[in-house]
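A.B. asks: Predicted model and sequence below, questions to follow.
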Amino acid sequence: MPGRRNKPKPAVGVGEVLLWLLFTILLVPAGAVGWAIGHYTGHHGGGTRTVTVSAPATTTASKPTTTAAATTTAAAKPTVDAKAIFTSAGCGACHTFMPAGTSGTIGPNLDTAPEKDAKTTGTPLAAFVKKSIIDPSAYLSPGYKDLMPKTFGSSLSAAKIDALVNYIVTKK
């Protein structure tokens, strides 16, 4: 059969065309979405940002410190929001503390009890409050049970514990 040629099968040609159409239909929207995300984050969320952080004053004249976002932690530590830590750790569910706007009654009232209990134990107030957070069983305020979680010493960083101690002691 020397005179006979292989003719292309129309089904193969149609299938190939449908595959290319499907590929194009899926690729074009995905490319557009990818471009939009990259375009948006490239102009609004990425790159270097300048952050102004106020540092505690060590002299009579202090100025805000401006650093790049990548070096903020090395140049100036942002202040820890003790009220947010107090709230997120769940302290207000058990303790009354006016600066945080809480009224829990399961644990001692933090507006008055720490001063009384520190005086009873002969411990400086800040040291007493810190010990009460890290080891709540060390001293129980009269009339209260040993219900405070004993995990705050390991679940909260030293900086967060220090911020809580300062918040409770200064009430600000």
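C.D. replies: Looks like it arrived, so ask away.
A.B. asks: Show me the helices in this structure, by range?
C.D. replies: Secondary structure of the chain (DSSP state H): helices at 10-44, 72-75, 82-88, 113-121, 125-134, 152-155, 158-170.
A.B. asks: give me the low-pLDDT residue ranges for the chain?
C.D. replies: For the chain, applying pLDDT under 70 flags the ranges 1-12, 38-79.
A.B. asks: same thing but at 50, please
C.D. replies: The chain contains residues with pLDDT under 50 at 42-46, 62, 68-77.
A.B. asks: what's the spacing between residue 24 and residue 30?
C.D. replies: As for residue 24, its distance to residue 30 is 11 Å (criterion: C-beta to C-beta, to the nearest Å). Heads up, the C-betas are built off the backbone N, CA and C, glycines and all.
A.B. asks: I'd say residue 114 and residue 133 touch.
C.D. replies: No - between residue 114 and residue 133 there is no contact under C-beta atoms under 8 Å: 10.6 Å.
A.B. asks: show me what contacts residue 94?
C.D. replies: With contact taken as C-beta atoms under 8 Å, 6 or more residues apart in numbering, residue 94 is in contact with 104, 105, 106, 107, 147, 148.
A.B. asks: and those, which two are the farthest apart?
C.D. replies: Greatest spatial distance among the contacts of residue 94 (C-beta to C-beta): 105 and 148, at 13.6 Å.
A.B. asks: Have a look at these two and say which one is more surrounded.
C.D. replies: Neighbour count, other C-beta atoms under 10 Å: between residue 105 and residue 148, residue 148 has more, with 20 against 10.
A.B. asks: still on that earlier bit, can you list the helices of the chain in CSV and add mean neighbour count and distance to residue 94?
C.D. replies: Formatted as CSV, those follow (neighbours: other C-beta atoms under 10 Å; distance: least, C-beta to C-beta, whole Å):
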stretch, mean neighbour count, distance to residue 94
helix 10-44, 10, 41
helix 72-75, 12, 32
helix 82-88, 17, 11
helix 113-121, 16, 12
helix 125-134, 19, 12
helix 152-155, 13, 12
helix 158-170, 18, 13
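A.B. asks: Turn these into a markdown table, columns for distance to residue 141.
C.D. replies: Below are those laid out as a markdown table (distance: least, C-beta to C-beta, whole Å):
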| stretch | distance to residue 141 |
| --- | --- |
| helix 10-44 | 50 |
| helix 72-75 | 37 |
| helix 82-88 | 18 |
| helix 113-121 | 5 |
| helix 125-134 | 9 |
| helix 152-155 | 16 |
| helix 158-170 | 13 |
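A.B. asks: so which of these comes closest to residue 96?
C.D. replies: The nearest among the helices of the chain, by C-beta to C-beta, is helix 113-121 at 9.2 Å.
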